[in-house]
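1. The sequence isn't on hand, but the structure is:
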Ligand SMILES: Nc1ncnc2c1ncn2[C@@H]1O[C@H](COP(=O)(O)OP(=O)(O)OP(=O)(O)O)[C@@H](O)[C@H]1O
Ligand SMILES: [Mg+2]
């Protein structure tokens, strides 16, 4: 992907986030600036407690900043209420969490179907899209398995299929490889690189794994609520 083909996707400017804890304020993010463009694989690293998840929650519109601005495709998330952000999130953002977030009683197919339902994708498009997404993560043959009938890496790959099915332009993944062995983690990263290339998506993920960081377009390092030069 040529840099010239990229467009601005998410802009975080001067963002601070504090929490009230007892009678005092805990300042977690202390002035974050970050720009995401389309077709990128971006990583956040930093010690436990440095504020990575807090920032991801803001980027995905799950939370709003104490100070500063967040624009997602030009839309001012920092000014919008929950309902308005939720609507954008369901259609245009995908999430992957450390522990896969699959519904245990649903098959791989039905889990992926759920995000199309939430995004109000026309029902007639579901079957093809679900099959395509499960195929993309190498699980076409496991479509009707339920999570407990899948390995950890396979479950994480279903979670990826579920997170991208509704064609989000941003995929946020918080430690998506933390529970996987190095071979499975490498598989997940291969899928990530492939979907950044083939789908119109930018992935922003957190990780502690330095070997994984080699495939990133850019790595941001968070120390105590601010970015330091990596
Ligand atoms: N809702 C909250 N209320 C109070 N404090 C919070 C809240 N959410 C996060 N914190 C605090 O903010 C700090 C940063 O937390 P965060 O989860 O962002 O860290 P992290 O970088 O993701 O760490 P890890 O690598 O362990 O996942 C922590 O000290 C945490 O206790
Ligand atoms: Mg975290």
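-> Cool, got the structure. Just so we're clear, the structure is a prediction, and the values are computed from it rather than from any experiment. Ligands and ions are numbered 1, 2, ... in the order given.

2. For the closest residue to residue 225 other than its chain neighbours, which three-state class applies?
-> Leaving aside its chain neighbours, residue 225 sits nearest to residue 30 (3.9 Å; criterion: CB to CB, 6 or more residues apart in numbering). For glycine as for every other residue, the C-beta is placed from the backbone atoms N, C-alpha and C. For residue 30, the assignment made with DSSP: H, G, I helix; E, B strand; the rest coil gives strand.

3. so residue 30 makes contact with residue 16?
-> Yes - using CB atoms under 8 Å, residue 30 is in contact with residue 16, at 6.0 Å.

4. secondary structure element for residue 180?
-> Taking DSSP states H and E as the definition, one finds residue 180 inside no helix or strand.

5. ok, it - contacts?
-> Residues near residue 180 by CB atoms under 8 Å, 6 or more residues apart in numbering: 152-153, 156, 188.

6. Could you identify which of those residues has the most neighbours?
-> When neighbours are taken as other CB atoms under 10 Å, the top entry among those is residue 156 (28 neighbours).

7. Which strand or helix spans that residue?
-> If you go by DSSP H and E, residue 156 is part of helix 152-164.

8. Now do that helix: everything it contacts.
-> Counting by CB under 8 Å, 6+ apart, 94-97, 100-102, 108, 111-112, 114-115, 130, 133-134, 136-139, 142, 145, 147, 150, 171, 173, 176-177, 179-181, 183-184, 187-188, 191-192, 195, 199, 201 sit against helix 152-164.

9. mind listing what's buried in it?
-> For helix 152-164, a neighbour-count test (16 or more other CB atoms under 10 Å) marks 153-164 as buried.

10. Assign the residue in the chain that ligand 2 sits nearest to to one of the three secondary structure states.
-> Here the chain gets closest to ligand 2 at one residue, residue 53, 3.2 Å apart by CB to the ion. Recorded secondary structure, residue 53: helix (three-state DSSP).

11. how about it, what does it touch?
-> If a contact means CB under 8 Å, 6+ apart, then residue 53 has 174, 206 as its contacts.

12. Check residue 145 too.
-> Taking CB under 8 Å, 6+ apart as the definition, contacts of residue 145 comprise 107-108, 154.
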